[in-house]
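[1] sharing a sequence plus its predicted fold:
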There are 2 protein chains.
Amino acid sequence: MFYIGIDIGGMSIKGGVVTEEGKFIVKDFITTEPRADEEVIIKDIADLIKRLIAKAGLTEQSIEGIGLGIPGTVFGDEGRVRYAPNINLVNTPLVAKLSKYFKFNIPIRISNDANCAALGEALFGGGKGKTDVLMCTLGTGVGVGIMINGKLFEGIDSAGAEGGHMVIRTGGEKCGCGRKGCWEAYASATALIRQTNAAIKKFPDSLLAEIARKEGTVNGKTAFTAAEQGCGAAKSVIRKYLVYVGDGMVNLVNIFRPQVFIVGGGISKEGDNIIKPLQKYVNKFGYAPKYSPKVKVVPATLFNDAGILGAAALLMN
Amino acid sequence: MFYIGIDIGGMSIKGGVVTEEGKFIVKDFITTEPRADEEVIIKDIADLIKRLIAKAGLTEQSIEGIGLGIPGTVFGDEGRVRYAPNINLVNTPLVAKLSKYFKFNIPIRISNDANCAALGEALFGGGKGKTDVLMCTLGTGVGVGIMINGKLFEGIDSAGAEGGHMVIRTGGEKCGCGRKGCWEAYASATALIRQTNAAIKKFPDSLLAEIARKEGTVNGKTAFTAAEQGCGAAKSVIRKYLVYVGDGMVNLVNIFRPQVFIVGGGISKEGDNIIKPLQKYVNKFGYAPKYSPKVKVVPATLFNDAGILGAAALLMN
């Protein structure tokens, strides 16, 4: 059985024909025209889908379903995009409009792109073979994806799974969402960079500060690089950062008690440097460790492909 | 159709025959012998069930199912009690052992008692008619119950829904679970009493302190009583306490985006004094308030009956 996954981004729209096992038959993409009329955007997507089907040597009839990941909020049940900040889709009945381009009645579903990526990782990446999987993406912000009993969980009107906006420090750092102390404000790559800069200011003679000056910039890797070379200030930054990440993860573990917790996003490329201490933290601080089933912490493995695979998987079951 | 719900407590075991609409046909109870042999406890429960059936003028054949709420942790799928601190059921295959007392093959299910109470409130109390409902119980601790799509959510091996042990202040007050800064350590009645005592110590001349001296004790009502009489110190205690309660509620709203959030436990008897400000807090700080469906905050209505009704409801659906 063949499915089509489409991952809509502000720069490009990527798609693929995939099997139920998460294997790609073909992949393709188009560049996005984010400010074009929505009819143009939808026609472009339809053309991409038709091209994918042709490249795979298939016909519309042999496609079980089309899933689309939207960089914004959606009403999943209605197939309507609510709002997408980086592409001109506002209150767009995307499923209805896209359906008109296909002769056969192919089922189409949409979801948020981060949710799709989490579903892809959960089904075909770090969570393969498991039914209950969480994922956090430590990037510019902190995204959370939730798979319960093999299905993506999104909350009423797809407005849940905003675990990045869970306060872990009441009254703490201001978050873009209007609250203070959100997980995102402490555990995102953006937050790590802020924490790194603060340490550089406090310890101008540290190796960390020296590396930052040499590189002329501070990013999510700077503190890890300095820590590897033995810098105490950098080690302290990372130790505290991992407590922030760990506290949010344990919160979600206590609420969902999944089998696997996938850590994705740019920071996850640090591999064992973060996965091992986070696994320890979850083991130690998860509720009732003696009586509760273990939760395995793993890094994301699919990265860019996760969005396409997860979108396709919206139609699988 | 008739169902039996049993609510096992350290002091008494209560039960009822109820209809699918959550109406009681009969209710009854026995006193608990918490340190008795598990076989004795199980026989007592079986006798209570048989008496309930007889009192309702029914036969075993007309019972669709029996649900039991356990004051501890369970393996729901296996029908086994993992551990219950206040009654002698440890690693007990309760469903298998209880089944032997009945001639007909009546389906039996078990769950944690707080989860049962939340399911009862969600289906027949404050959440009636809705499919996605959260409940927090502000008592000695903070309990959280989760109903998704009309069904109780418990996590793998029923080890989830421990939302009281979600850190809202990383590095904060020590919690009984071993973490620091849990919601329970800030939003339980126990925490409110601690916060009230701290204010009395800080403001020994306040009306709050005077009331506490007059009553000879401090409880979860003390600050509310003083605040109603205009005491500034008491008002400040309550304002801060409601931020703690609200922060945990908004965390769960952002993750689950339910239709209704029920507030239960002793503190919820303050009614509008807490429900109104919490509704405002959820409206204001829930993620993307302009684009997200509203979440209604309501007080629990069933109190002691919720546990029996929710246990019975484990078998409905």
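    Looks like it came in fine.

[2] which stretches of chain A form helices?
    For chain A, the helices defined by DSSP state H cover A:38-55, A:94-99, A:113-124, A:184-187, A:189-202, A:207-215, A:222-228, A:232-256, A:272-285, A:304-313.

[3] dump these to JSON lines, plus distance to chain B and mean pLDDT.
    For the C-beta atoms, the positions are set from N, CA and C on the backbone; glycine is no exception. Output for the helices of chain A, formatted as JSON lines (distance: least, CB to the nearest CB, whole Å; pLDDT from 0 to 100):
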{"stretch": "helix A:38-55", "distance to chain B": "18", "mean pLDDT": "97"}
{"stretch": "helix A:94-99", "distance to chain B": "16", "mean pLDDT": "98"}
{"stretch": "helix A:113-124", "distance to chain B": "13", "mean pLDDT": "95"}
{"stretch": "helix A:184-187", "distance to chain B": "7", "mean pLDDT": "97"}
{"stretch": "helix A:189-202", "distance to chain B": "12", "mean pLDDT": "97"}
{"stretch": "helix A:207-215", "distance to chain B": "23", "mean pLDDT": "98"}
{"stretch": "helix A:222-228", "distance to chain B": "18", "mean pLDDT": "98"}
{"stretch": "helix A:232-256", "distance to chain B": "4", "mean pLDDT": "98"}
{"stretch": "helix A:272-285", "distance to chain B": "5", "mean pLDDT": "98"}
{"stretch": "helix A:304-313", "distance to chain B": "19", "mean pLDDT": "96"}
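
[4] so which of these gets nearest residue A:86?
    Judged by CB to CB, the one of these that comes nearest to residue A:86 is helix A:113-124, at 10.4 Å.

[5] got CSV for the helices of chain A, with distance to residue A:169 and mean neighbour count too?
    Putting those into CSV (distance: least, CB to CB, whole Å; neighbours: other CB atoms under 10 Å in any protein chain shown) gives the following:
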stretch, distance to residue A:169, mean neighbour count
helix A:38-55, 40, 17
helix A:94-99, 38, 19
helix A:113-124, 23, 29
helix A:184-187, 7, 27
helix A:189-202, 11, 18
helix A:207-215, 24, 17
helix A:222-228, 20, 21
helix A:232-256, 8, 23
helix A:272-285, 16, 17
helix A:304-313, 30, 28
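
[6] to residue B:215, which of these lies closest?
    Smallest distance to residue B:215 across the helices of chain A (CB to CB): 36.0 Å, for helix A:232-256.

[7] how about the residue of the stretch 101-250 of chain A found nearest chain B, nearest residue that isn't a chain neighbour?
    Nearest residue of the stretch 101-250 of chain A to chain B: residue A:155, at 3.1 Å (CB to the nearest CB). Leaving aside its chain neighbours, residue A:155 sits nearest to residue B:257 (3.1 Å; criterion: CB to CB, 6 or more residues apart in numbering or on different chains).

[8] just checking, residue A:203 touches residue A:209?
    Yes - using CB atoms under 8 Å, residue A:203 is in contact with residue A:209, at 6.2 Å.

[9] next, show the common contact partners of the two.
    Contact with both residue A:203 and residue A:209 is made by residues residue A:233, according to CB atoms under 8 Å, 6 or more residues apart in numbering or on different chains.

[10] most distant residue from the centre of chain A?
    Here the centre of chain A is the reference, and by CA atoms, centre = their mean the most remote residue is residue A:205, at 36.7 Å.

[11] quick one: contacts for that one?
    Contact analysis of residue A:205 by CB under 8 Å, 6+ apart lists nothing.

[12] hmm, 10 Å instead?
    By CB atoms under 10 Å, 6 or more residues apart in numbering or on different chains, the contact set of residue A:205 is residue A:233.

[13] pLDDT at it, what is it?
    Looking at residue A:205, its pLDDT reads 98.

[14] from residue A:199, how far off is it?
    12 Å (CB to CB, to the nearest Å).

[15] give me the common contacts of the two.
    Residues touching both residue A:205 and residue A:199 by CB under 10 Å, 6+ apart: residue A:233.

[16] can you give me the pLDDT of residue A:317?
    You'll see residue A:317 listed with a pLDDT of 71.

[17] ok, now which ones touch it?
    By CB under 10 Å, 6+ apart, the contact list for residue A:317 reads A:20, A:65, A:150-151.

[18] of those residues, grab the buried ones for ChimeraX.
    In ChimeraX syntax, the buried subset of the contacts of residue A:317 is picked out as below (16 or more other CB atoms under 10 Å in any protein chain shown):
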select /A:65,151
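
[19] redo the contacts of residue A:317 as TSV? Include distance to chain B and pLDDT.
    Shown next, in TSV, are the contacts of residue A:317 (distance: CB to the nearest CB, whole Å; pLDDT from 0 to 100):
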residue	distance to chain B	pLDDT
A:20	24	96
A:65	21	97
A:150	13	94
A:151	10	94
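
[20] widest-spaced pair of the contacts of residue A:317?
    Counting by CB to CB, the most remote pair of the contacts of residue A:317 is A:65 and A:150, 15.9 Å apart.

[21] ok, how many other residues are close to the nearest residue to residue A:150 once chain neighbours are set aside?
    Excluding its sequence neighbours, the residue lying closest to residue A:150 (CB to CB, 6+ apart) is residue A:131, at 4.9 Å. Counted with other CB atoms under 10 Å in any protein chain shown, the neighbours of residue A:131 add up to 16.

[22] ditto for residue A:269
    By other CB under 10 Å, 15 other residues sit near residue A:269.

[23] what of residue A:110?
    As a burial measure, residue A:110 scores 28 neighbours (other CB under 10 Å).

[24] specify the beta-bridge partners of it.
    Counting by DSSP bridges, residue A:110 is bridged to residue A:68.

[25] list the residues that contact it.
    A:6, A:8, A:66-70, A:74-76, A:78-81, A:89, A:92, A:94-95, A:98, A:116, A:158, A:311, A:314.

[26] which among the residues you listed count as buried?
    By neighbour count, with 16+ other CB under 10 Å, the contacts of residue A:110 hold A:6, A:8, A:66-70, A:74-76, A:79-81, A:89, A:92, A:94-95, A:98, A:116, A:158, A:311, A:314 as buried.

[27] check whether stretch A:159-178 contacts chain B.
    Yes - interface with chain B: stretch A:159-178 contributes A:159-172, A:175, A:177-178 (CB under 10 Å from any CB of the partner chain).

[28] understood, closing this out.
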